[in-house]
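J.: Whatever this is, show me its structure:
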Amino acid sequence: HIGTYFCRFLSGQNKIKITVNDTNIQPWSPIPEGSRSLSEQSIGNVRIHPYILPHHKEFKDQAVFEKAAGIKGWNAQQGVYIYRNDRLLINGGWLRQKKMKLDEHTKLARIIIELDSSSDLHWHVDGSKSRASIPSGPIKQHIDAICRKTRKEAEEVYRHRGKVISRTVA
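T.: Okay, here's the model as predicted:
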């Protein structure tokens with residue numbers, strides 16, 4: 001849990017070290033190596049970066065695949081990740097957007113949204129910095145479109161890989 005929410009502080013150039021009961025906390029990034037980056041976009045001071053994760057057959061081994069699943073598992077970790085000043089606020093899910101539910105076929109879709117503290121009021125970031133919601137209006141429509149496109153591409157990767165496997169087995 002700590003490695004998920006504070007991943008960006010535990011890795012990188014100015015990384016910090018956190019230990020719990022003499023155990024070093026390891027960072028967990030929602031974007032594993034080999035993920036395909038879609039076009040990053042900025043809307044004011046908000047950056048949105050969608051990714052399609054590799055199909056499970058593309059991971060080098062089962063341990064790496066299982067680590068990429070995250071603390072909630074593959075299906076529950078799909079969706080939007082909101083960071084505020086490099087701390088994770090929202091750990092996956094589709095933020096109650098219309099007709100977007102967790103689905104096996106879209107589990108390879110992950111979208112990073114980065115905010116700074118000037119976005120707190122507009123994004124309804126609570127005092128404990130543990131919740132946020134997409135503001136209504138054009139930004140919500142824009143993020144909705146990005147989510148739909150990312151989900152569609154993730155589903156194509158998931159289904160295409162399955163078709164290739166079934167053709168080679170038959």
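
J.: I figured Ser133 was touching Leu95, is that so?
T.: Yes: the pair Ser133 / Leu95 is scored as a contact, 6.6 Å apart, by CB atoms under 8 Å. Backbone N, C-alpha and C define where each C-beta goes, glycine included.

J.: For this structure, give me the ranges with low pLDDT.
T.: Applying pLDDT under 70 to the chain picks out residues 161-170.

J.: Can you pick out the residue with more neighbours from Ser133 and Leu95?
T.: More crowded of Ser133 and Leu95, by other CB atoms under 10 Å: Leu95, with 19 against 14.

J.: Please report how far that one lies from Trp74.
T.: 18 Å (CB to CB, to the nearest Å).

J.: Counting by contacts, list what the helix or strand where Ala145 lies packs against.
T.: Per DSSP states H and E: Ala145 is located in helix 138-169. Judged by 3 or more CB pairs under 8 Å, 6 or more residues apart in numbering; DSSP states H and E, helix 138-169 is in contact with strand 41-43, strand 46-52, strand 79-84, strand 109-115.

J.: Write down the beta-bridge partners of the most centrally placed residue in the chain, one by one.
T.: A centroid search over the chain (CA atoms, centre = their mean) returns Arg110, at 3.7 Å, as the residue closest to the centre. Per DSSP bridges, the residues bridged to Arg110 are Tyr51, Gly79.

J.: ok, it touching Gly79?
T.: Yes: using CB under 8 Å, Arg110 makes contact with Gly79 at a distance of 6.9 Å.
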